[in-house]
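> Sequence and predicted model, in that order:
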Amino acid sequence: MTHTTLSFLKGHGTENDFVIIPDPDNAIELPASAVAALCDRRAGIGADGVLHVVRSAAHPDAAHLADRAEWFMDYRNSDGSVAEMCGNGVRVFARYLHHAGHVEPGDLAVATRGGVKQVHLDKAGDVTVSMGRAELPEGEVTVSVGEHTWPARNVNMGNPHAVAFVESLDQAGNLYSPPPFSPASAYPTGVNVEFVVDRGPRHVAMRVHERGSGETRSCGTGACAVAVAAIRRDGVDPAVTGEPVTYTVDLPGGTLAITEHPDGRIDMTGPAVIVASGEFEAAWLGETAFA
């Protein structure tokens, strides 16, 4: 790295937090070790992931999308691994683009490794992301915590979810370990497990064990899966009624609104906040990342 200092911002969406690295020309090298150093909550800036902001035309992974989306969200998990998509991350990414003067409020497209995502940026502050369609694999599934076992709805949002409706969120336990599920064949690579209670008409609250992470403050695909399961349970499937339906989903880190349309498209709406900006020493990152 030839820079003396590098600029960064910090943002979050329902307390899913990110370090934002503006780099329109893709000039900053970000190996996995550098990303992990940035995300370290004690020795770095601290975050759940890094949003590397690059023009699509400047990045080999997104150049083929440049005619559809000017900006590419080069997303990295906190351990430095590359990820295709992050629903909360896309909202914060769009909020940054507006914050930096790159886009105006309204509709925009964001390139990701999971394809081009359509985003709507409200003047009032919320951001809506089109999350695609849910798949509902057939077959009975159960999840367990201690002596309790519940039936669960199998919902796939591009990643697997098991949604269980419970009497109290306390029944989910500490969620440090993956809740056991059955049959094992339903989720051969593991599963995100959501525990859900009703708060009111079309209003639910959830806790989630994210596969590989334990309990997290927010999970965008999990909130979508929960809404889909609740919609089916309540008999208001938009494909049947012909009318879109919106559920409010409370998570430990905030609230998301999930809308399913008659054609199966699912929109996720929620906050995205830029909380700080600053600079860090490139030399520090180089020493930390390449030591």
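Right, received. Where do you want to start?

> what's the closest non-adjacent residue to V275?
Leaving aside its sequence neighbours, V275 sits nearest to K10 (CB to CB, 6 or more residues apart in numbering; 5.2 Å). The C-beta positions use only the backbone N, C-alpha and C, and glycine is treated the same way.

> I'd guess that neighbour is in a strand, am I close?
Yes. When classified by DSSP: H, G, I helix; E, B strand; the rest coil, K10 is found to be part of a strand.

> Which positions are bridged to it in the beta structure?
Residues found in beta-bridge contact with K10 (criterion: DSSP bridges) are V19, A276.

> For L121, see how far away it is.
Look at K10 and L121: by CB to CB, to the nearest Å, they are 19 Å apart.

> Distance across stretch 161-174, terminal residue to terminal residue?
Distance across stretch 161-174, first residue to last, is 18 Å (CA to CA, to the nearest Å).

> mind listing what's buried in that stretch?
Of the residues in stretch 161-174, those buried under the neighbour-count criterion (16 or more other CB atoms under 10 Å) are H161, A162, V163, A164, F165, V166, A172, G173.

> Redo those as CSV? Include pLDDT.
Written out in CSV, the entries for those read as follows (pLDDT from 0 to 100):
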residue, pLDDT
H161, 96
A162, 98
V163, 98
A164, 98
F165, 98
V166, 98
A172, 96
G173, 95
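
> Mind checking which of those are in strands?
Using DSSP state E, the members of the buried residues of stretch 161-174 that fall in strands are H161, A162, V163, A164, F165.

> which one is the first one nearest to, not counting chain neighbours?
I take that to be H161. Nearest-residue entry for H161: A225, 3.7 Å, with adjacent residues in sequence omitted and distances by CB to CB, 6+ apart.

> Neighbour count: K10 and L121, which is higher?
Shown here are K10 and L121; by other CB atoms under 10 Å, L121 has more neighbours (21 against 18).

> Show me what the more buried one bridges to in the sheet.
Going by DSSP bridges, L121 is paired in beta bridges with G106, V127.

> thinking it is in contact with A109, fair?
No. No contact is recorded between L121 and A109 when judged using CB atoms under 8 Å, the distance being 11.5 Å.

> ranges for the helices of the stretch 51-200 of the chain?
87-99 (DSSP state H, counting those that start in this stretch).

> Need the pLDDT of H3.
Confidence at H3, expressed as pLDDT, is 53.

> oh sorry, the question was meant for M85
Looking at M85, the pLDDT reads 84.

> For the nearest residue in space to it that is not next to it in sequence, give me its contacts.
Excluding its sequence neighbours, the residue lying closest to M85 (CB to CB, 6+ apart) is G114, at 3.7 Å. Residues in contact with G114, defined by CB atoms under 8 Å, 6 or more residues apart in numbering, are E84, M85, G158.

> still on that earlier bit, make sure the residue nearest to V275 is actually in contact with I21.
No. Checked against CB under 8 Å, the pair K10 and I21 is beyond contact range at 10.9 Å.

> Where does pLDDT dip in this protein?
Applying pLDDT under 70 to the chain flags the ranges 1-3, 288-291.

> Dig out what T255 forms beta bridges with.
Each beta-bridge partner of T255 is listed here, defined by DSSP bridges: D250.

> I'd like to know how many residues surround it.
The tally of other residues near T255 (other CB under 10 Å) stands at 16.

> can you check D23 too?
19.

> do the same with P160
A total of 22 residues lie near P160 under the criterion other CB under 10 Å.

> Please apply the same query to S177.
10.
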